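# Build me a model:
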Amino acid sequence: MSAQVLAQLSVRRGREAVEFYKQAFGAVEVYRVGGSDANPAVVSQLEVGDGSFWVADESPEHLNFSPETVGGGTVRLLLIVDDPDAAIERAVAAGATIVRPAADEHGWRLGRIADPFGHHWEVGKPLRPWPPAR
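Numbering: from 1, shown residues only. Purely as a prediction, here's the structure:
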């Protein structure tokens, strides 16, 4: 079996977060536990293109805290898309805020947004073959 690393984002308002990622990034939900009126806490696996990540309501009893609780995040995520400017516009229309507008830098077209749940996303694409030749 090959190895993978997938992020799991701790958030407040998990059901709302899942809907945000669907609208902002075109995410598709492939798995869900909870997230109902009877069981409001949600754990959801989302796919965007070939990538996947998880979203779960924070659970302080398990030491999983959202950026809103701790006053910032410790991880920045990178979303690679064909049109970073359009992806940033879509995310902003869904409720994200621009941290840094898209610009060409370091061989990438790259911008940064903050989602409504405190997670920061760099949205971009490489402007030359990536990764660089070693």
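# Pass me the low-pLDDT residue ranges in the chain, would you?
Along the chain, segments meeting pLDDT under 70 are nowhere present.
# helix or strand right after the lengthiest strand in it?
Longest strand of the chain, by residue count under DSSP state E: strand 97-105. Once the chain leaves strand 97-105, the next helix or strand it forms, by DSSP states H and E, is strand 108-114.
# what does that following strand contact?
76, 84-85, 88, 91-92, 96-104, 120-127 (CB atoms under 8 Å, 6 or more residues apart in numbering). C-betas here are computed from N, CA, C, even on glycine.
# same thing but 7 Å
Residues outside strand 108-114 that contact it (CB atoms under 7 Å, 6 or more residues apart in numbering): 84, 88, 91-92, 96-103, 120-127.
# are any of these buried, and which?
Applying 16 or more other CB atoms under 10 Å to the contacts of strand 108-114, the neighbour count classes 84, 88, 91, 96, 102, 120-125 as buried.
# Let me have those in a markdown table, adding distance to residue 114 and secondary structure as columns.
Listed next are the buried ones among the contacts of strand 108-114 as a markdown table, based on distance: CB to CB, whole Å; DSSP: H, G, I helix; E, B strand; the rest coil:
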| residue | distance to residue 114 | secondary structure |
| --- | --- | --- |
| 84 | 16 | helix |
| 88 | 11 | helix |
| 91 | 10 | helix |
| 96 | 6 | coil |
| 102 | 15 | strand |
| 120 | 5 | strand |
| 121 | 8 | strand |
| 122 | 11 | strand |
| 123 | 11 | strand |
| 124 | 15 | strand |
| 125 | 20 | strand |
